[in-house]
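# Below are the sequence and a predicted model; questions follow.
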Amino acid sequence: MEFSNKDFDTFFAKIYPVLEEVEIVRKKWLNEMQILFKWFVAFLVSVPIFYLLIPIEFTILQLVITALTFYGLINGKRQKAFKELTPIFKNKVITELLLYFYEDVRYLPRQRMSPVVLTNSLLLGGKVKRTTGDDYTECRIGNTHIHFSEVQAWGIYDIFFTGIFIAVRFNKTFTSKTVIMPRSNVSLYTKVKIGIHNEMNIKLEDIEFRKEFTVVGEDQVESRYKLTPSLMHRMLEYKKKVNKKVAFSLIDNWLYVAIPNNVNLFEVNLLKPITSKEFMKTHFDYFELLTGLVNDLDLNTKIWK
């Protein structure tokens, strides 16, 4: 399945009736919040009258209590709005977007990658104790099976990764581990925590690739065999495309990809129309970019015989 065959205007025309249904729900909640906000503004306008009629101490106390009350009411409406809107948007819109792009889609909006998968990738600098996040997706692109989600990886006390984590399954099983880290992220501390047996720096001839990445592995020959000139070129191009400090690893029969990102994806904005082309184009482009990894790295081609 080629991403070039996927056209945004075609998808937008198909999904627009669904967007209109979700937009009705958004407008309902926005209207309720606006009514509360207008009442709050009316209260603020009346403050000078309170000042003239009652003691200043009472006026200040009344102002604080009322302001906090309105804030609580507005925030409560906002939380209820997202509680209703988010499942509708994800189940009706994001699911349709995934089905438009991919095959064999399994989308679990409230799930995320497991700590075991993240730890096994060796990309996050240690053992992951637990994860938070959402939008776990499994799908097939051509002959390639891909899994991804937004995720926060926690150690014992703190978060040491926030972003998108991708796992791509191969039919080929590698006999050694290879980790490709952004050079700017690699320190002695990081390398020690990778935890590769008989760890060694992999010597590669591609100068541009060496400027961007540090490669650590267990086997010099197999790592160089896996990192063909074509694959290194495609990794460089993918890094430029996502414009993040992306990291890769090739372990067992998996390619793992970690993309740091602090933006919460696939969420609605109460202040912006859901029927907006610009709003939907953002989601469309991100899916195309994110899982375009399969085409960008040519993962449907049997690189390793």
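Alright, I've got the coordinates.
# Off-centre distance for stretch 83-97?
Centroid separation for stretch 83-97 versus its chain: 16 Å, with Cα atoms, centre = their mean, to the nearest Å.
# Oops, could you answer that again for stretch 123-143 instead?
Centre-to-centre, stretch 123-143 and its host chain are 10 Å apart (Cα atoms, centre = their mean).
# Quick check: which element contains the closest residue to residue 267 other than its chain neighbours?
Of all residues not flanking residue 267 in the chain, residue 86 sits nearest, at 6.8 Å (Cβ to Cβ, 6 or more residues apart in numbering). For glycine as for every other residue, the C-beta is placed from the backbone atoms N, C-alpha and C. If you go by DSSP states H and E, residue 86 is part of helix 56-88.
# In that helix, which residues are buried?
The neighbour-count check on helix 56-88 (16 or more other Cβ atoms under 10 Å) flags 59, 66, 70, 73-74, 77, 81, 85-86, 88 as buried.
# For residue 152, state which of those is nearest.
Lowest distance from residue 152 to the buried residues of helix 56-88 (Cβ to Cβ) belongs to residue 86, with 17.9 Å.
# Thought residue 95 was touching residue 107, still the case?
Yes. Assessed by Cβ atoms under 8 Å, residue 107 is found in contact with residue 95 at 5.5 Å.
# got a pLDDT number for residue 41?
pLDDT for residue 41: 79.
# circling back to that earlier point, so which elements touch the helix holding residue 86?
Counting contacts by 3 or more Cβ pairs under 8 Å, 6 or more residues apart in numbering; DSSP states H and E, helix 56-88 packs against helix 8-53.
# between the helix it packs on and helix 56-88, how big is the angle?
Helix 8-53 and helix 56-88 are oriented at 160 degrees to each other (axes from the mean of the first three to the mean of the last three Cα atoms, to 10 degrees).
# which non-adjacent residue is nearest residue 85?
Nearest to residue 85 is residue 268, by Cβ to Cβ, 6+ apart, at 5.1 Å.
# Give me the phi and psi angles of the one you found.
Residue 268 has phi and psi values of phi -90, psi 160 when expressed as degrees, to the nearest 10.
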